[in-house]
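> kindly generate the corresponding structure for this input.
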Amino acid sequence: MINYQKIFKLDPYSLNQRKKQELLLPNFKKLNYFHYKNCESYRKIIDKVYGELDNKKKLKDLPFIHVSLFKKFELKTKQVKDLKIFKSSGTSNNLLSKISIDKTTSLLQARALNKIFSNFFNIKKTKILFVDTPNVLIGSSLYSARGAAVNGFKQMFKNYEFLLDNKNSVQIKNIKKNINSDSNEKIVIFGFTSLIWDFLKKIKKKNIKFKKGQAILIHGGGWKRMENKSVSKKIFNDSIKDILNITDIHNYYGMIEQTGSIFFECEKGYFHPSIFSEIFIRDKNLSNLSQMRKRGLIQSLSILPNSYPGHNILTEDLGELCGIDDCKCGRKGKYFLIFGRAPKTEARGCSDVY
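All right, here's what the predicted structure looks like:
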């Protein structure tokens, strides 16, 4: 299988695109054959859609599956004793992705998240405050998209606190205590985008402001709800600056189907795949869009999933490739932008291919 130890020794954004492709291609081929051999449902999908598992010479030509298939089929690779089922967010149990995670995959995801996060922030000198409730780590909530995200970030920090109680009330004392602390620690505030927006509305008149440069805000997920509320990225960021006095704001793109392989927004406002992941942009006919600034569906690849075939999936999210190896933040490889979910007709059309 994949020599993960060798990959984890590398800086997550140090390889230019050519060297990154040389690293990823043989490893994704290994994952293809591993899942094809050990996951009956995946094998049937590949045989039905692609005819056979060809030995392709380019990463963009390797077979991918649509993200909606995780809602329709039980896609797990081999039988393992410590398997846990994580579920995506949704309005109905019939519409939830079900992701089978074993101990090995969970460990790989945690290590990758730590490696990626450490490239952006100094974890040793920070503590984290979650805009969430302690209940998110209890029972079935732990295996939700929110629970997985909070638990993943929690494991990287020695000190953490929740800013909401189990009734969703704001813990004002917790916030003020951290603002007035004499410690030189940086404070990371983390939460789902929609939860942070609701949190801002609750504290808007409380005059709670962090000291200049004291805090970093990281958020992700929940943009569909934000779009329904007509809240743009600019409105969101401006509100963070105005209400909390935080200017260091980072969005991230990730999904329960590929937990751990997240795409952080850099200082210049672009998302970056690490050495653990890659993206392609596909048009409505599923052809690869290699041109810059051409909007299409995001295809997301991750070398981390071992217990389920989530290593190469077509999402329902729209994005565009903005450049390769020349982002002004200094990180190598591709960088891209995201524009939310595709219209239902477009997403449904691509899903119907399968």
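> confidence score at Leu337?
We have a pLDDT of 97 for Leu337.
> any idea how far it is from Leu25?
25 Å (Cβ to Cβ, to the nearest Å). Any C-beta I mention is one placed from the backbone N, CA and C, and that applies to glycine too.
> tell me, how many residues neighbour the closest residue to Ile2 other than its chain neighbours?
Nearest residue to Ile2, sequence neighbours excluded (Cβ to Cβ, 6 or more residues apart in numbering): Asn27, at 4.8 Å. Here the number of neighbours of Asn27 (other Cβ atoms under 10 Å) works out to 18.
> check Asn285 too.
By other Cβ under 10 Å, 9 other residues sit near Asn285.
> quick one: it is in a strand?
No - Asn285 sits outside any strand when classified using DSSP: H, G, I helix; E, B strand; the rest coil, being coil.
> against which helices or strands is the helix or strand harbouring the residue nearest to Ile2 packed?
Asn27 belongs to helix 17-38 when elements are defined using DSSP states H and E. On a contact count with 3 or more Cβ pairs under 8 Å, 6 or more residues apart in numbering; DSSP states H and E, helix 17-38 meets helix 40-50, strand 312-324.
> any idea which of the ones you listed gets closest to Lys201?
Each of the helices and strands packed on helix 17-38 has some distance to Lys201 by Cβ to Cβ; the shortest is strand 312-324, at 26.2 Å.
> next SSE after the closest one?
strand 334-341.
> that following strand to helix 17-38, inter-axis angle?
Counting by axes from the mean of the first three to the mean of the last three Cα atoms, to 10 degrees, strand 334-341 lies at 60 degrees to helix 17-38.
> next one: stretch 253-264 to chain centre, how far?
2 Å (Cα atoms, centre = their mean, to the nearest Å).
> end to end, how far does that stretch reach?
6 Å (Cα to Cα, to the nearest Å).
> what mean pLDDT does that stretch have?
The model assigns stretch 253-264 a mean pLDDT of 89.
> circling back: kindly format the C-alpha coordinates of the helix holding Asn27 as PDB.
Extracted in PDB, the C-alpha atoms of helix 17-38 (Å, rounded to 0.1, in the frame of the first residue of the first chain):
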ATOM      1  CA  GLN A  17       2.700  20.600  -9.500                       C
ATOM      2  CA  ARG A  18       4.900  18.300 -11.600                       C
ATOM      3  CA  LYS A  19       6.500  16.700  -8.600                       C
ATOM      4  CA  LYS A  20       3.200  16.500  -6.800                       C
ATOM      5  CA  GLN A  21       1.600  14.600  -9.700                       C
ATOM      6  CA  GLU A  22       4.600  12.200  -9.700                       C
ATOM      7  CA  LEU A  23       4.000  11.600  -6.000                       C
ATOM      8  CA  LEU A  24       0.200  11.200  -6.200                       C
ATOM      9  CA  LEU A  25      -0.400   9.200  -9.400                       C
ATOM     10  CA  PRO A  26       1.100   5.900  -8.300                       C
ATOM     11  CA  ASN A  27      -0.500   6.200  -4.900                       C
ATOM     12  CA  PHE A  28      -4.000   6.900  -6.300                       C
ATOM     13  CA  LYS A  29      -3.500   3.900  -8.600                       C
ATOM     14  CA  LYS A  30      -2.800   1.800  -5.500                       C
ATOM     15  CA  LEU A  31      -5.900   3.100  -3.800                       C
ATOM     16  CA  ASN A  32      -8.000   2.400  -6.900                       C
ATOM     17  CA  TYR A  33      -7.000  -1.300  -7.000                       C
ATOM     18  CA  PHE A  34      -7.200  -1.700  -3.200                       C
ATOM     19  CA  HIS A  35     -10.800  -0.400  -3.100                       C
ATOM     20  CA  TYR A  36     -11.800  -2.200  -6.300                       C
ATOM     21  CA  LYS A  37     -10.600  -5.500  -4.900                       C
ATOM     22  CA  ASN A  38     -12.000  -5.100  -1.400                       C
END
